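**Q** Pasting the sequence and the predicted model now:
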Amino acid sequence: MREWWRSKKEVIKKSKNSHHYSFFDLILDVLDLLFWIPELIILPFRLIYSIVRGFGKLLGNMFDFV
């Protein structure tokens, strides 16, 4: 029994230290990439829209003040 336990501990230790890239990891990476691609494409347009809108509100408030 003791010998079996020792061999089992070695197998567990080896499996914890191995850095295999599994199919499940690949699926998660692809899904993560599919999530970020649209965000990176849309982000510049959202930033430009927010800047133009903020600048327009600032100008509108300046003309209301005068």
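**A** In hand now; what should we look at?
**Q** Which parts of the protein are helices?
**A** 2-17, 23-65 (DSSP state H).
**Q** With mean pLDDT and mean neighbour count added, can I get those in CSV?
**A** (Each C-beta comes from the backbone N, C-alpha and C, glycine too.) Converted to CSV, those look like this (pLDDT from 0 to 100; neighbours: other C-beta atoms under 10 Å):
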stretch, mean pLDDT, mean neighbour count
helix 2-17, 73, 9
helix 23-65, 91, 9
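**Q** Nearest the middle, which residue of this structure would you pick?
**A** Asp32 (6.2 Å; C-alpha atoms, centre = their mean).
**Q** How much space separates that residue from Glu39?
**A** Note on Asp32: its distance to Glu39, by C-beta to C-beta, to the nearest Å, is 11 Å.
**Q** same deal with Leu26?
**A** Distance from Leu26 to Glu39, by C-beta to C-beta: 21 Å.
**Q** With Asp25 instead?
**A** Asp25 is 22 Å from Glu39, by C-beta to C-beta.
**Q** And Arg53, by the same measure?
**A** On the measure of C-beta to C-beta, Arg53 and Glu39 end up 20 Å apart.
**Q** what does Ser7 give?
**A** For Ser7, the distance to Glu39 - C-beta to C-beta - is 48 Å.
**Q** C-alpha coordinates for stretch 39-49, CSV please?
**A** Extracted as CSV, the C-alpha positions of stretch 39-49 are listed here (Å, rounded to 0.1, in the frame of the first residue of the first chain):
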residue,chain,number,x,y,z
GLU,A,39,-14.4,45.6,-29.0
LEU,A,40,-11.1,46.7,-30.5
ILE,A,41,-12.8,47.6,-33.8
ILE,A,42,-15.6,49.6,-32.2
LEU,A,43,-13.5,51.3,-29.5
PRO,A,44,-12.0,54.1,-31.7
PHE,A,45,-15.4,55.1,-33.0
ARG,A,46,-16.8,55.2,-29.5
LEU,A,47,-13.9,57.4,-28.4
ILE,A,48,-14.3,59.8,-31.3
TYR,A,49,-18.1,60.0,-30.7
